[in-house]
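>>> Model the following, please.
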Amino acid sequence: MHAARSFTLALAAVGLTLASSAATFAQAPAYPTKPVRIVVPYAPGGATDIVARLIGEQMRQTLGQPFVVESKVGGNGVVALEEMLRSKDGYTLMVGNVTTNAIWPVVQGAKLRFDYAKEVVAIQRIADVPAVLVVTTTNFAPQNFKDMIDYARKNPGKLRYSTVGAGSYPHYDMEYLAKLAGGLDMNAIHNKAGAAGMIGDMVTGDAQAGFVNAASTIAMVKAGKMKPVAVVSPKRLEMYPEAPTMAEVGFPDAGTLAWQTLFAPAATPKPILEALFKASTAAVETAAVKDSFAKQNFIIVGNKSLDDSATWLAGELARWKKITSEVKVDFD
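Predicted coordinates for the structure are as follows:
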């Protein structure tokens, strides 16, 4: 009798375990069951848009539903962030960069209609995009880093540099460089047409310098319209082998590796976040993405887990809190 009772209890325990497992499985959401949107805070054609489309296509192949990229421009990323936060079920994501998902939440956090640190999570850091500090060859004598700095030092307020908008990382990068170089006085020219607008400013000579996505400048450098004087990269770039790194010219902390990262609302169910992390991580390991990124000198980085992504984003916010407290810029 005693043995029979023990056997019965054991069967009951197994039954409870199986029932619990079944319940857990039943609660796990099927995902995705419809197309997923990826909003980007810029017009089509830029680095953020390119990354979103490449990753979205690979995630489609992994998860079996289309990942549709949509541009939501405005407010230094706020329009895209608000669009993403309207959906908390994993069907609206965002690919953002340093300006939209680190600088702006820091400098404008009190004015936002949401709590960025609590309501937004990083899923996976997809790539770092090297930048290049270029100078125009149009009516501008300095053609290396030292001469550019010397010109700015000897001619307060006369060096004109281009940015993609007030408060963007190319804006902060030049102002932070100015601070590190001893407090240079330079004049910012904001062009909201993205890297193409910045390059246009420098080709015409309206602007004389600026930090730009390295891959965007190749044509104009080859045409002799601008000259790379330093690169923001751990090492020299194959496309500009003659250009030293910022560390080589004595300013290792200046300039930004313009990371591109996949984000989601923090309220998204954890199993969906895990599925997105796995799919985005697998995407950057595909030959299609690796080949495309290599051609543009994008550096594949990646975090090891969702927790690692959270720690990384917190570190980025802390870094930009420090920089923006030390460098004050005027906003449009």
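>>> all strands for the stretch 151-300 of the chain, in order.
Secondary structure of the stretch 151-300 of the chain (DSSP state E, counting those that start in this stretch): strands at 160-163, 187-190, 209-213, 226-232, 260-265, 299-300.
>>> Which among the ones you listed is found nearest to residue 45?
Proximity to residue 45, assessed across these by C-beta to C-beta, is greatest for strand 209-213 (11.3 Å). The way it works is simple: take the backbone N, C-alpha and C, and place the C-beta from them, glycine included.
>>> can you pull the buried residues of the closest one?
209, 210, 211, 212, 213 (16 or more other C-beta atoms under 10 Å).
>>> any low-confidence regions in the chain?
Residues of the chain meeting the criterion pLDDT under 70: 1-29, 332.
>>> change it to 80
1-29, 192, 194, 330-332 (pLDDT under 80).
>>> could you point out the longest strand in it?
Identified as the longest strand of the chain according to DSSP state E is strand 120-128.
>>> If you count contacts, what does that one end up packed against?
In terms of contacts (3 or more C-beta pairs under 8 Å, 6 or more residues apart in numbering; DSSP states H and E), strand 120-128 is packed against helix 47-63, helix 78-85, strand 260-265, helix 270-283, strand 299-300, helix 306-326.
>>> Show me which of the buried residues of strand 209-213 is closest to residue 230.
residue 211 (9.2 Å).
>>> show me the contacts for the closest one.
By C-beta atoms under 8 Å, 6 or more residues apart in numbering, the contact list for residue 211 reads 131, 132, 133, 169, 170, 173, 174, 232, 255, 256.
>>> and the second one, what element?
For residue 132, the enclosing helix or strand under DSSP states H and E is strand 131-136.
>>> May I see the buried residues of that strand?
Buried, per 16+ other C-beta under 10 Å, within strand 131-136: 131, 132, 133, 134, 135, 136.
>>> re the thing from before, which strands border the longest strand of the chain, and is each parallel or antiparallel?
The sheet places strand 120-128 alongside strand 260-265 (antiparallel), strand 299-300 (antiparallel), with pairing taken from DSSP bridges.
>>> What's the separation between residue 41 and residue 216?
17 Å (C-beta to C-beta, to the nearest Å).
>>> ok so, going back, return the most buried member of the strands paired with strand 120-128.
Neighbour counts (mean count of other C-beta atoms under 10 Å) averaged over each of the strands paired with strand 120-128 peak at strand 260-265, with a mean of 25.
>>> quick one: strands adjacent to the strand holding residue 132?
Here strand 131-136 is paired, per DSSP bridges, with strand 209-213 (antiparallel), strand 226-232 (antiparallel).
>>> Pull the contacting residues for residue 330.
Here residue 330 is in contact with residue 166 (C-beta under 8 Å, 6+ apart).
>>> Tell me the secondary structure at it.
Under DSSP: H, G, I helix; E, B strand; the rest coil, residue 330 falls in the coil class.
>>> measure it to residue 171 for me?
To residue 171, residue 330 is 9 Å away according to C-beta to C-beta.
>>> before we move on, what about residue 86?
For residue 86 relative to residue 171 (C-beta to C-beta), the value is 29 Å.
>>> measure residue 195 to residue 31 for me?
35 Å.
>>> Tell me which of the two has more neighbours.
residue 195 (22 against 19; other C-beta atoms under 10 Å).
>>> Hmm, that one is touching residue 215, no?
No - Residue 195 is beyond contact range of residue 215, at 9.0 Å (criterion: C-beta atoms under 8 Å).
>>> tell me, what's touching the two both at once?
Contacts common to residue 195 and residue 215, judged by C-beta under 8 Å, 6+ apart, are residue 47.
>>> how about residue 153, what does it touch?
Residue 153 makes contact with 181, 182, 184 under the criterion C-beta under 8 Å, 6+ apart.
>>> what's the spacing between it and residue 159?
For residue 153, the distance to residue 159 - C-beta to C-beta - is 9 Å.
>>> With residue 323 instead?
From residue 323 to residue 159 the distance is 21 Å (C-beta to C-beta).
>>> Tell me which of these two has more neighbours.
residue 159 (24 against 20).
>>> Next, the contact list for that one, please.
By C-beta under 8 Å, 6+ apart, the contact set of residue 159 is 148, 151, 152, 184, 186, 187, 208, 209.
>>> go with 7 Å
With contact taken as C-beta atoms under 7 Å, 6 or more residues apart in numbering, residue 159 is in contact with 151, 152, 186, 187, 208, 209.
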